[in-house]
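1. What follows is a protein structure lacking sequence information:
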(Lines give C-alpha, C1' and ligand atoms only; values in the text may rest on other atoms or scores of the structure.)
Protein backbone atom coordinates (compact mmCIF):
# COMPACT_ATOMS: atom_id res chain seq x y z
CA UNK A 1 0.00 0.00 0.00
CA UNK A 2 1.79 3.13 -1.23
CA UNK A 3 -0.05 5.40 1.21
CA UNK A 4 1.03 3.29 4.20
CA UNK A 5 4.58 3.14 2.89
CA UNK A 6 4.87 6.93 2.70
CA UNK A 7 3.16 7.35 6.08
CA UNK A 8 5.78 5.07 7.60
CA UNK A 9 8.84 6.63 5.98
CA UNK A 10 7.72 10.12 6.99
CA UNK A 11 8.06 8.98 10.61
CA UNK A 12 11.50 7.46 10.09
CA UNK A 13 13.51 10.71 10.06
CA UNK A 14 16.14 9.62 7.54
CA UNK A 15 14.89 6.26 6.30
CA UNK A 16 14.60 5.03 2.72
CA UNK A 17 11.42 4.10 0.90
CA UNK A 18 12.30 1.66 -1.89
CA UNK A 19 9.77 0.77 -4.56
CA UNK A 20 9.41 -2.95 -5.23
CA UNK A 21 6.84 -2.71 -8.04
CA UNK A 22 4.91 -0.22 -10.13
CA UNK A 23 2.89 2.05 -7.83
CA UNK A 24 0.14 4.63 -8.28
CA UNK A 25 -0.98 7.27 -5.80
CA UNK A 26 -4.64 7.07 -4.68
CA UNK A 27 -5.74 9.82 -7.07
CA UNK A 28 -3.25 10.94 -9.71
CA UNK A 29 -5.10 14.23 -10.21
CA UNK A 30 -4.73 15.24 -6.55
CA UNK A 31 -1.57 16.43 -4.83
CA UNK A 32 0.05 13.54 -2.97
CA UNK A 33 1.92 15.10 -0.05
CA UNK A 34 5.22 13.30 0.54
CA UNK A 35 6.77 15.93 2.87
CA UNK A 36 9.38 14.60 5.29
CA UNK A 37 13.04 13.76 5.81
CA UNK A 38 13.98 10.61 3.89
CA UNK A 39 15.18 9.05 0.62
CA UNK A 40 12.88 7.83 -2.16
CA UNK A 41 14.57 5.02 -4.09
CA UNK A 42 12.72 4.31 -7.35
CA UNK A 43 14.65 1.04 -7.71
CA UNK A 44 13.91 0.71 -11.44
CA UNK A 45 10.14 1.05 -10.87
CA UNK A 46 7.57 3.66 -11.87
CA UNK A 47 5.62 5.73 -9.37
CA UNK A 48 2.67 7.43 -11.04
CA UNK A 49 1.19 10.47 -9.36
CA UNK A 50 1.39 14.14 -8.54
CA UNK A 51 3.99 14.30 -5.75
CA UNK A 52 4.04 17.40 -3.59
CA UNK A 53 6.33 18.83 -0.91
CA UNK A 54 4.62 21.34 1.36
CA UNK A 55 6.25 24.30 3.11
CA UNK A 56 6.75 22.08 6.16
CA UNK A 57 8.90 19.56 4.29
CA UNK A 58 12.51 19.16 5.47
CA UNK A 59 14.69 17.01 3.19
CA UNK A 60 13.93 14.67 0.28
CA UNK A 61 16.48 12.72 -1.79
CA UNK A 62 15.37 10.99 -4.98
CA UNK A 63 17.52 8.27 -6.52
CA UNK A 64 17.22 5.18 -8.68
CA UNK A 65 19.32 2.23 -7.53
CA UNK A 66 17.94 0.22 -10.46
CA UNK A 67 17.51 1.07 -14.15
CA UNK A 68 14.64 3.05 -15.63
CA UNK A 69 13.11 4.26 -12.35
CA UNK A 70 10.57 7.01 -12.96
CA UNK A 71 8.10 9.40 -11.35
CA UNK A 72 5.37 9.73 -13.94
CA UNK A 73 2.74 12.48 -13.90
CA UNK A 74 -0.62 12.24 -15.65
CA UNK A 75 -2.62 14.81 -17.61
CA UNK A 76 -0.94 18.23 -17.30
CA UNK A 77 0.34 17.76 -13.74
CA UNK A 78 3.92 17.91 -12.48
CA UNK A 79 5.56 14.73 -11.14
CA UNK A 80 7.22 16.75 -8.34
CA UNK A 81 6.31 20.20 -7.02
CA UNK A 82 8.21 21.58 -4.03
CA UNK A 83 6.96 24.51 -1.96
CA UNK A 84 9.48 23.90 0.83
CA UNK A 85 12.43 21.97 2.18
CA UNK A 86 15.66 20.75 0.65
CA UNK A 87 15.55 18.46 -2.40
CA UNK A 88 18.36 16.38 -3.91
CA UNK A 89 17.94 14.55 -7.22
CA UNK A 90 20.68 11.97 -7.73
CA UNK A 91 19.18 9.81 -10.50
CA UNK A 92 15.91 8.61 -11.97
CA UNK A 93 13.46 10.21 -14.40
CA UNK A 94 10.82 12.86 -13.73
CA UNK A 95 8.37 12.59 -16.62
CA UNK A 96 5.34 14.60 -17.71
CA UNK A 97 2.56 13.28 -19.89
CA UNK A 98 2.46 16.48 -21.94
CA UNK A 99 5.43 18.30 -23.47
CA UNK A 100 4.09 21.56 -22.02
CA UNK A 101 3.99 20.22 -18.46
CA UNK A 102 6.32 21.10 -15.58
CA UNK A 103 8.67 18.22 -14.78
CA UNK A 104 9.89 19.89 -11.57
CA UNK A 105 8.95 23.12 -9.81
CA UNK A 106 11.09 24.61 -7.03
CA UNK A 107 11.63 28.06 -5.56
CA UNK A 108 8.23 29.69 -5.70
CA UNK A 109 7.92 29.81 -1.90
CA UNK A 110 10.23 31.29 0.74
CA UNK A 111 10.19 27.94 2.56
CA UNK A 112 12.26 26.36 -0.22
CA UNK A 113 15.82 25.61 0.86
CA UNK A 114 18.31 24.19 -1.65
CA UNK A 115 17.61 22.10 -4.73
CA UNK A 116 20.63 20.02 -5.77
CA UNK A 117 20.48 18.15 -9.08
CA UNK A 118 23.41 15.77 -9.49
CA UNK A 119 21.87 13.61 -12.20
CA UNK A 120 18.58 12.33 -13.46
CA UNK A 121 16.52 12.79 -16.59
CA UNK A 122 14.01 15.58 -17.27
CA UNK A 123 13.47 14.99 -20.98
CA UNK A 124 9.79 15.86 -21.14
CA UNK A 125 8.21 19.09 -20.04
CA UNK A 126 10.29 21.77 -18.38
CA UNK A 127 12.06 22.35 -15.07
CA UNK A 128 11.05 25.66 -13.46
CA UNK A 129 13.34 27.08 -10.78
CA UNK A 130 14.80 30.26 -9.36
CA UNK A 131 11.81 32.37 -8.43
CA UNK A 132 11.82 34.20 -5.07
CA UNK A 133 12.77 31.36 -2.70
CA UNK A 134 15.59 28.91 -2.26
CA UNK A 135 18.74 28.22 -4.24
CA UNK A 136 19.48 25.64 -6.94
CA UNK A 137 22.78 23.91 -7.70
CA UNK A 138 22.94 21.81 -10.88
CA UNK A 139 26.02 19.65 -11.39
CA UNK A 140 24.54 17.07 -13.78
CA UNK A 141 21.37 15.73 -15.36
CA UNK A 142 19.76 15.64 -18.81
CA UNK A 143 17.20 18.43 -19.31
CA UNK A 144 14.74 19.09 -22.09
CA UNK A 145 13.96 22.64 -21.02
CA UNK A 146 15.36 24.57 -18.04
CA UNK A 147 13.54 27.79 -17.19
CA UNK A 148 14.97 30.12 -14.55
CA UNK A 149 12.63 32.84 -13.31
CA UNK A 150 13.27 35.85 -11.12
CA UNK A 151 15.65 38.76 -10.75
CA UNK A 152 18.14 36.92 -8.55
CA UNK A 153 20.09 34.80 -10.99
CA UNK A 154 22.64 33.69 -8.42
CA UNK A 155 19.97 31.66 -6.73
CA UNK A 156 20.91 29.22 -9.50
CA UNK A 157 24.40 27.95 -10.36
CA UNK A 158 25.22 25.50 -13.14
CA UNK A 159 28.42 23.46 -13.27
CA UNK A 160 27.15 20.51 -15.29
CA UNK A 161 24.20 19.06 -17.17
CA UNK A 162 22.99 18.83 -20.76
CA UNK A 163 20.15 21.00 -22.02
CA UNK A 164 17.94 21.11 -25.08
CA UNK A 165 17.01 24.64 -24.02
CA UNK A 166 18.14 27.01 -21.25
CA UNK A 167 16.11 30.16 -20.70
CA UNK A 168 16.27 32.88 -18.06
CA UNK A 169 13.37 35.25 -17.53
CA UNK A 170 13.30 38.50 -15.56
CA UNK A 171 10.03 40.37 -15.19
CA UNK A 172 8.57 38.41 -18.07
CA UNK A 173 11.38 38.99 -20.59
CA UNK A 174 14.17 36.66 -21.68
CA UNK A 175 17.70 37.76 -20.79
CA UNK A 176 21.16 36.29 -21.25
CA UNK A 177 21.74 33.11 -19.21
CA UNK A 178 25.48 33.76 -18.71
CA UNK A 179 25.20 34.60 -15.00
CA UNK A 180 23.62 31.23 -14.25
CA UNK A 181 27.04 29.63 -14.60
CA UNK A 182 29.26 28.78 -11.65
CA UNK A 183 32.67 30.44 -11.69
CA UNK A 184 35.02 28.71 -14.13
CA UNK A 185 32.27 27.08 -16.25
CA UNK A 186 30.81 27.76 -19.67
CA UNK A 187 28.21 26.54 -22.15
CA UNK A 188 29.40 24.51 -25.15
CA UNK A 189 27.55 23.02 -28.10
CA UNK A 190 26.75 19.39 -27.34
CA UNK A 191 27.69 18.21 -30.83
CA UNK A 192 30.82 20.21 -31.62
CA UNK A 193 32.13 21.08 -28.15
CA UNK A 194 32.55 24.70 -29.30
CA UNK A 195 32.04 27.38 -26.67
CA UNK A 196 28.68 29.15 -26.96
CA UNK A 197 28.29 32.88 -26.46
CA UNK A 198 26.04 33.63 -23.51
CA UNK A 199 25.77 37.37 -24.13
CA UNK A 200 22.72 37.00 -26.34
CA UNK A 201 19.38 37.86 -24.82
CA UNK A 202 17.78 34.62 -25.94
CA UNK A 203 17.44 31.02 -24.94
CA UNK A 204 20.39 28.71 -25.57
CA UNK A 205 19.73 25.44 -27.37
CA UNK A 206 21.57 22.11 -27.58
CA UNK A 207 24.20 22.95 -24.97
CA UNK A 208 25.99 21.39 -22.05
CA UNK A 209 27.94 22.94 -19.18
CA UNK A 210 31.64 22.15 -18.81
CA UNK A 211 34.61 23.74 -17.10
CA UNK A 212 36.37 26.42 -19.12
CA UNK A 213 39.46 24.25 -18.95
CA UNK A 214 37.56 21.44 -20.68
CA UNK A 215 36.00 23.81 -23.23
CA UNK A 216 39.42 25.02 -24.34
CA UNK A 217 41.04 21.58 -24.31
CA UNK A 218 42.26 19.75 -27.40
CA UNK A 219 42.18 16.33 -25.77
CA UNK A 220 41.40 14.58 -22.51
CA UNK A 221 42.83 11.55 -20.74
CA UNK A 222 40.52 9.23 -18.82
CA UNK A 223 42.06 6.86 -16.28
CA UNK A 224 39.95 4.77 -13.89
CA UNK A 225 36.89 6.88 -14.67
CA UNK A 226 38.58 10.23 -14.03
CA UNK A 227 38.80 12.55 -17.04
CA UNK A 228 41.52 15.21 -17.20
CA UNK A 229 41.47 17.85 -19.99
CA UNK A 230 44.66 19.08 -21.68
CA UNK A 231 45.23 22.24 -23.65
CA UNK A 232 47.43 20.51 -26.22
CA UNK A 233 47.37 17.05 -27.76
CA UNK A 234 51.09 16.71 -27.10
CA UNK A 235 50.63 17.14 -23.35
CA UNK A 236 47.76 14.64 -23.33
CA UNK A 237 49.82 12.10 -25.31
CA UNK A 238 52.73 12.45 -22.89
CA UNK A 239 50.38 11.79 -19.96
CA UNK A 240 48.74 8.82 -21.72
CA UNK A 241 52.11 7.10 -22.05
CA UNK A 242 52.45 7.10 -18.28
CA UNK A 243 49.32 4.93 -17.94
CA UNK A 244 48.26 1.33 -18.34
CA UNK A 245 44.77 1.32 -19.81
CA UNK A 246 44.01 5.04 -20.15
CA UNK A 247 41.92 6.54 -22.96
CA UNK A 248 43.19 9.60 -24.82
CA UNK A 249 40.21 11.31 -26.49
CA UNK A 250 40.32 14.06 -29.10
CA UNK A 251 37.99 16.92 -28.17
CA UNK A 252 38.62 18.97 -31.32
CA UNK A 253 40.50 18.77 -34.62
CA UNK A 254 44.27 18.86 -34.02
CA UNK A 255 46.85 20.09 -36.54
CA UNK A 256 50.30 19.19 -35.23
CA UNK A 257 53.28 21.41 -35.99
CA UNK A 258 55.71 18.49 -35.70
CA UNK A 259 55.34 14.71 -35.60
CA UNK A 260 54.68 13.09 -32.24
CA UNK A 261 56.11 9.88 -30.75
CA UNK A 262 54.68 6.96 -28.82
CA UNK A 263 57.47 5.29 -26.85
CA UNK A 264 55.79 3.46 -23.97
CA UNK A 265 52.57 2.86 -22.06
CA UNK A 266 49.38 1.00 -22.94
CA UNK A 267 46.48 3.23 -23.91
CA UNK A 268 43.65 3.86 -26.37
CA UNK A 269 43.51 6.80 -28.76
CA UNK A 270 39.85 7.67 -29.42
CA UNK A 271 39.52 9.95 -32.45
CA UNK A 272 35.98 10.80 -31.26
CA UNK A 273 34.88 12.02 -34.70
CA UNK A 274 37.79 14.50 -35.00
CA UNK A 275 40.87 14.81 -37.23
CA UNK A 276 44.52 14.44 -36.19
CA UNK A 277 46.91 15.68 -38.86
CA UNK A 278 50.37 17.14 -39.41
CA UNK A 279 52.40 18.81 -42.16
CA UNK A 280 55.57 17.09 -40.97
CA UNK A 281 56.88 13.90 -42.65
CA UNK A 282 54.88 11.77 -40.22
CA UNK A 283 51.90 12.47 -37.99
CA UNK A 284 52.54 9.74 -35.38
CA UNK A 285 55.62 7.56 -34.93
CA UNK A 286 55.20 4.46 -32.77
CA UNK A 287 58.52 3.19 -31.38
CA UNK A 288 57.32 1.40 -28.26
CA UNK A 289 54.38 0.79 -25.99
CA UNK A 290 50.97 -0.39 -27.10
CA UNK A 291 48.36 1.89 -28.66
CA UNK A 292 44.82 1.04 -29.78
CA UNK A 293 43.15 3.46 -32.21
CA UNK A 294 39.37 3.71 -32.29
CA UNK A 295 36.66 6.16 -33.31
CA UNK A 296 33.72 6.25 -30.89
CA UNK A 297 31.85 8.59 -33.22
CA UNK A 298 31.76 8.92 -37.02
CA UNK A 299 34.36 10.76 -39.09
CA UNK A 300 37.55 10.33 -37.04
CA UNK A 301 40.68 10.70 -39.18
CA UNK A 302 44.45 10.45 -38.85
CA UNK A 303 46.08 11.98 -41.92
CA UNK A 304 49.05 13.96 -43.19
CA UNK A 305 48.85 17.08 -45.35
CA UNK A 306 51.97 16.18 -47.38
CA UNK A 307 51.32 14.25 -50.58
CA UNK A 308 53.94 11.69 -49.50
CA UNK A 309 53.23 12.01 -45.79
CA UNK A 310 52.62 9.12 -43.37
CA UNK A 311 49.72 9.01 -40.91
CA UNK A 312 51.17 6.35 -38.56
CA UNK A 313 54.75 5.05 -38.84
CA UNK A 314 55.50 1.92 -36.80
CA UNK A 315 59.05 0.82 -36.04
CA UNK A 316 61.22 -0.09 -33.11
CA UNK A 317 58.95 -2.65 -31.47
CA UNK A 318 55.73 -0.78 -30.71
CA UNK A 319 52.28 -2.35 -30.96
CA UNK A 320 49.37 -0.72 -32.82
CA UNK A 321 45.81 -2.07 -32.99
CA UNK A 322 43.35 -0.26 -35.25
CA UNK A 323 39.68 -0.76 -34.43
CA UNK A 324 38.28 2.24 -36.28
CA UNK A 325 38.93 5.57 -37.91
CA UNK A 326 39.91 6.68 -41.41
CA UNK A 327 43.50 6.85 -42.69
CA UNK A 328 43.66 8.63 -46.06
CA UNK A 329 47.44 8.98 -45.69
CA UNK A 330 49.83 6.02 -45.51
CA UNK A 331 50.18 3.52 -42.69
CA UNK A 332 53.85 2.47 -42.70
CA UNK A 333 55.00 -0.68 -40.90
CA UNK A 334 58.69 -1.44 -40.44
CA UNK A 335 58.76 -3.43 -37.21
CA UNK A 336 56.66 -4.12 -34.16
CA UNK A 337 53.13 -5.54 -34.35
CA UNK A 338 50.26 -3.98 -36.28
CA UNK A 339 46.73 -5.40 -36.12
CA UNK A 340 44.06 -4.02 -38.45
CA UNK A 341 40.63 -4.96 -37.14
CA UNK A 342 38.48 -2.10 -38.35
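-> Looks like it arrived, so ask away. Source: prediction; values computed, not measured.
2. in the least confident helix or strand in the chain by mean pLDDT, what counts as buried?
-> Here the helix or strand of the chain ranked lowest by mean pLDDT, DSSP states H and E is strand 173-175, holding a mean of 70. The neighbour-count check on strand 173-175 (16 or more other CB atoms under 10 Å) flags residue 175 as buried. No exception for glycine: its C-beta is placed from N, CA and C like everyone else's.
3. ok, that strand: who's next to it in the sheet?
-> strand 162-170 (antiparallel) (DSSP bridges).
4. any idea of the mean pLDDT in the partner strand?
-> For strand 162-170, the mean per-residue pLDDT is 89.
5. How far does it sit from its chain's centre?
-> 16 Å (CA atoms, centre = their mean, to the nearest Å).
6. Now do stretch 115-130: distance to the chain's middle.
-> In terms of CA atoms, centre = their mean, the centre of stretch 115-130 is found 13 Å from the chain centre.
7. who touches residue 214 in this structure?
-> Residue 214 is in contact with 220, 229, 251, counting by CB atoms under 8 Å, 6 or more residues apart in numbering.
8. brain fart, residue 274
-> Counting by CB under 8 Å, 6+ apart, residue 274 makes contact with 250-254, 299-301.
9. what do you get if the cut-off is 7 Å, keeping everything else the same?
-> 250, 252-253, 300 (CB atoms under 7 Å, 6 or more residues apart in numbering).
10. thinking again about what came up before, now the element after the least confident helix or strand of the chain, going C-ward?
-> Following strand 173-175 in sequence order, the next helix or strand is strand 185-189 (DSSP states H and E).
11. Quick check: closest non-adjacent residue to residue 252.
-> Spatial nearest neighbour of residue 252, chain neighbours left out: residue 218 (5.6 Å); criterion: CB to CB, 6 or more residues apart in numbering.
12. Report the contact partners of that neighbour.
-> 230-233, 251-252, 254.
13. From the residues you listed, keep the buried residues only.
-> 230, 233, 251-252, 254.
14. Please convert the buried members of the contacts of residue 274 into PyMOL selection syntax.
-> Buried residues among these (16+ other CB under 10 Å), as a PyMOL selection:
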select buried, resi 250+252+300
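15. Where does residue 8 fall, secondary structure wise?
-> Counting by DSSP H and E, residue 8 is part of helix 2-10.
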